[in-house]
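Undergrad: I need the structure of the sequence given here:
(one chain, ligands or ions: 1)
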Amino acid sequence: MTDHLIAAFRETVEERDGHQFRIPPEKMGTIVIFGATGDLAGRKLIPAIYNLWRAGLLPDKANVVGVARREKSHDTYRQDMCEALKTHSRTGHGDDDACLPFVSNFFYYQNNFAEEPDLRGLAEYLHELEEERGMPHNRLFYLSTGPEFFAPIIQKLGAAGLVNRGGGAGWSRVVIEKPFGHDLDSAVALNASIGEVLGEDQIFRIDHYLGKETVQNIFAFRFGNAIFEPLFNQKYVDHVQITVAETLGVEGRGDFYDATGALRDVVQNHALQLMCLVAMEPPAEFGGDDIRGEKVKVLRSVPLPDRDTIADTVVRGQYTEGGGELGYLSEEGVDPNSHTETYVALRLTIDNWRWAGVPFFIRTGKRLKKRGTEIAIQFKQPPTHYFKKLGLRMPEANVLVFRIQPDEAISLSFNAKPPGMDFQIEPVNMDFRYGHAFQKDMPDAYERLLLDALRGDSTLFTRADEIEAAWRLVSAIHEAWKHAPAPELYRPGSWGPNAAERLFHGCEGRWRALEDA
Ligand code: BG6
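TA: Numbers count the residues shown, from 1 in each chain. Got it, this is the predicted structure:
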């Protein structure tokens, strides 16, 4: 595709907002995707690169080198990626006019990274390609592979001289997908192994929740409004509920899921990150280490459950068959005697000055009644003295809800008097909906995160100590589960096991039905 055609296509989008984040050609890096033919690459990474490129945020020549085991020509790889765009890009496309200029930047490099002794061939290939295309020797390595390959690939990148630490030849960074470790010990070992090769500023551990617009908006909401932040503490908040609910089951990932479970799959990363963003102190600066430092303090202030407290603090569940769907134990790849949880609910506390005594309830599960992720902050009950005296309905506690997905919104419930001669009160909602307020497409989380990794901004990525602090909690629960009964069963299409209600002991409230949001 000629430069003229590329320019003609991109002219129309060049001045879209966010242009201050545009990466100039001399700062761009070659994006090298390990596991380039896998599901994540086609579903998320390529569409994200495409939408960044199309929005003019990446230079015309945005080199992408796909690395995978299968034999493939550059052309076949390009065609495959156009197909992936047709199916998965939020902006549609994949038609030739849009796709061909884009994939003309794509190259395929066959490599069996599990078995090849080194990556020197790749180092030479990248060098030549960059010279030929007049590009700087900057590289973003994206490890979209099984977790067992993370450490070996990084060691080989190091041995091939591909990840120079602060050398003059250009920048090199590595993006790692989850799962980052399987428990505390393996996460510590993985951090140590990759730390031999990479500086912390070169490691970008993805938690895609941090790239979601609505999650980033928690910062804006808390620290950009004078009227809410003073209420975020134990004086005013009764409890916080964080829900990550899914209607799907394990979707053909039985093997992976059975060795993982809901606690590792969603709580260790996404749900604890949401808790940290709600609970952390204002950072000194809106930058990488300040925010991450505050999040670590939250995680380290959570008392760990043990075998004596586990029953009062954690409930695990497993879906049975129902609604024409298989039960978890009959899913392919799942051990028929498995105790792996497809649902987990926790009651945590953050034992610091701001939050002592405020329960943080977290739940996540597969095959639940409704798909939805939200954070609900329930405030304390107002004094009911007048209402009792007049025999009126009691005021309901105010609830502030961040609806992360779907129908992204923030809503605040309060009590109001309905019109009429009577003095009654009823709860009403004040709603802000992204779709109505901004009438703009939301970028996908991977777009934000890839752009940040290319710019070297690690604010929205998790740091080594943060990962370890989250595993410390999760591993303590796994340890206590060794002495706990099997998971409670729940029917698909329900809100999980009834036993999860017991976590609310001594507290005003119960699990929210997401329809009420
Ligand atoms: C992933 C989990 O990290 O997050 C999946 O491995 C889960 O099991 C997914 O379905 C949820 O992400 P989202 O963005 O759909 O809420």
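
Undergrad: Which residue is the nearest non-sequential neighbour of the residue in the chain that the ligand sits nearest to?
TA: Nearest residue of the chain to the ligand, counting by C-beta to the nearest ligand atom: Asp265, 4.7 Å away. C-betas here are computed from N, CA, C, even on glycine. Spatial nearest neighbour of Asp265, chain neighbours left out: Tyr257 (7.0 Å); criterion: C-beta to C-beta, 6 or more residues apart in numbering.

Undergrad: Check Ala356 too.
TA: Counting by C-beta to C-beta, 6+ apart, the residue nearest Ala356 is Gln234, at 5.8 Å.

Undergrad: try Ala36
TA: Here the residue nearest Ala36, using C-beta to C-beta, 6+ apart, is Gly66, at 2.9 Å.

Undergrad: Next, the buried residues of the helix or strand the one you found falls within.
TA: Using DSSP states H and E, Gly66 falls within strand 64-68. Neighbour-count burial for strand 64-68, counted by 16 or more other C-beta atoms under 10 Å, picks out Val64, Val65, Gly66, Val67, Ala68.

Undergrad: got it, and stretch 327-342?
TA: So, applying 16+ other C-beta under 10 Å, buried residues of stretch 327-342: Gly327, Tyr328, Leu329, Glu331, Val334, Ser338, Thr340, Glu341, Thr342.

Undergrad: What parts of the chain come near the ligand?
TA: Residues of the chain lying near the ligand by C-beta under 6 Å from any ligand atom: Glu246, Asp265, Val266, Thr373.

Undergrad: Need the residues you listed in TSV (columns: pLDDT and neighbour count).
TA: Formatted as TSV, these follow (pLDDT from 0 to 100; neighbours: other C-beta atoms under 10 Å):
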residue	pLDDT	neighbour count
Glu246	97	19
Asp265	96	24
Val266	98	22
Thr373	97	25
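
Undergrad: quick one: which of those residues sit in strands?
TA: Thr373 (DSSP state E).

Undergrad: For Phe221, state which of the residues of the chain next to the ligand is nearest.
TA: Thr373 (15.8 Å; C-beta to C-beta).

Undergrad: Leaving out chain neighbours, which residue sits closest to the closest one?
TA: Closest to Thr373 by C-beta to C-beta, 6+ apart is Ile404, at 4.0 Å.

Undergrad: picking that back up, quick one: which two of the buried residues of strand 64-68 are the most distant?
TA: Val64 and Ala68 (12.6 Å).

Undergrad: So which bits of stretch 496-508 are buried?
TA: Gly496, Pro497, Ala499, Ala500, Leu503, Phe504.

Undergrad: Revised request: answer the last question for stretch 39-50.
TA: In stretch 39-50, counting by 16+ other C-beta under 10 Å, buried: Leu40, Ala41, Gly42, Lys44, Leu45, Ile46, Pro47, Ala48, Ile49, Tyr50.

Undergrad: Same check on stretch 162-180?
TA: Neighbour-count burial for stretch 162-180 flags Leu162, Val163, Trp171, Ser172, Arg173, Val174, Val175, Ile176, Glu177, Lys178, Pro179, Phe180 (criterion: 16+ other C-beta under 10 Å).

Undergrad: tell me the mean pLDDT for that stretch?
TA: What stretch 162-180 shows for mean pLDDT is 86.

Undergrad: Check stretch 475-492 too.
TA: pLDDT averaged over stretch 475-492 gives 95.

Undergrad: ok, residues contacting it?
TA: The contact list for stretch 475-492 (C-beta atoms under 8 Å, 6 or more residues apart in numbering) reads 183-185, 249, 263, 304-307, 309-311, 314-323, 325, 339-343, 346, 365, 367, 496-500.

Undergrad: Got a PyMOL select line for the buried ones in those?
TA: Selection of the buried residues among the contacts of stretch 475-492 in PyMOL, burial being defined by 16+ other C-beta under 10 Å:
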select buried, resi 184+249+263+305+310+314+315+316+317+318+319+320+325+340+341+342+343+346+365+367+496+497+499+500
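
Undergrad: Filter the contacts of stretch 475-492 down to just the ones in strands.
TA: Val314, Val315, Arg316, Gly317, Gln318, Tyr319, Tyr343, Leu346, Gly365.

Undergrad: export the residues you listed to JSON lines and tack on distance to Arg448?
TA: As requested, the ones in strands among the contacts of stretch 475-492 are exported to JSON lines (distance: C-beta to C-beta, whole Å):
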{"residue": "Val314", "distance to Arg448": "32"}
{"residue": "Val315", "distance to Arg448": "34"}
{"residue": "Arg316", "distance to Arg448": "33"}
{"residue": "Gly317", "distance to Arg448": "33"}
{"residue": "Gln318", "distance to Arg448": "34"}
{"residue": "Tyr319", "distance to Arg448": "32"}
{"residue": "Tyr343", "distance to Arg448": "29"}
{"residue": "Leu346", "distance to Arg448": "28"}
{"residue": "Gly365", "distance to Arg448": "27"}
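
Undergrad: pLDDT added to those residues, as a markdown table?
TA: Shown next, in a markdown table, are the ones in strands among the contacts of stretch 475-492 (pLDDT from 0 to 100):
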| residue | pLDDT |
| --- | --- |
| Val314 | 97 |
| Val315 | 97 |
| Arg316 | 97 |
| Gly317 | 98 |
| Gln318 | 98 |
| Tyr319 | 97 |
| Tyr343 | 98 |
| Leu346 | 98 |
| Gly365 | 98 |
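
Undergrad: Show me which of those is closest to Pro282.
TA: Leu346 (25.6 Å).

Undergrad: Arg316 is in contact with that closest one, correct?
TA: No: with contact defined as C-beta atoms under 8 Å, Leu346 does not count as touching Arg316 (9.6 Å).

Undergrad: Assign Pro59 to helix, strand or coil.
TA: coil (DSSP: H, G, I helix; E, B strand; the rest coil).

Undergrad: nearest spatial neighbour of it, skipping sequence neighbours?
TA: Using C-beta to C-beta, 6+ apart, the nearest residue to Pro59 is Pro25, at 4.2 Å.

Undergrad: what do you get for Pro47?
TA: Here the residue nearest Pro47, using C-beta to C-beta, 6+ apart, is Ser89, at 4.1 Å.
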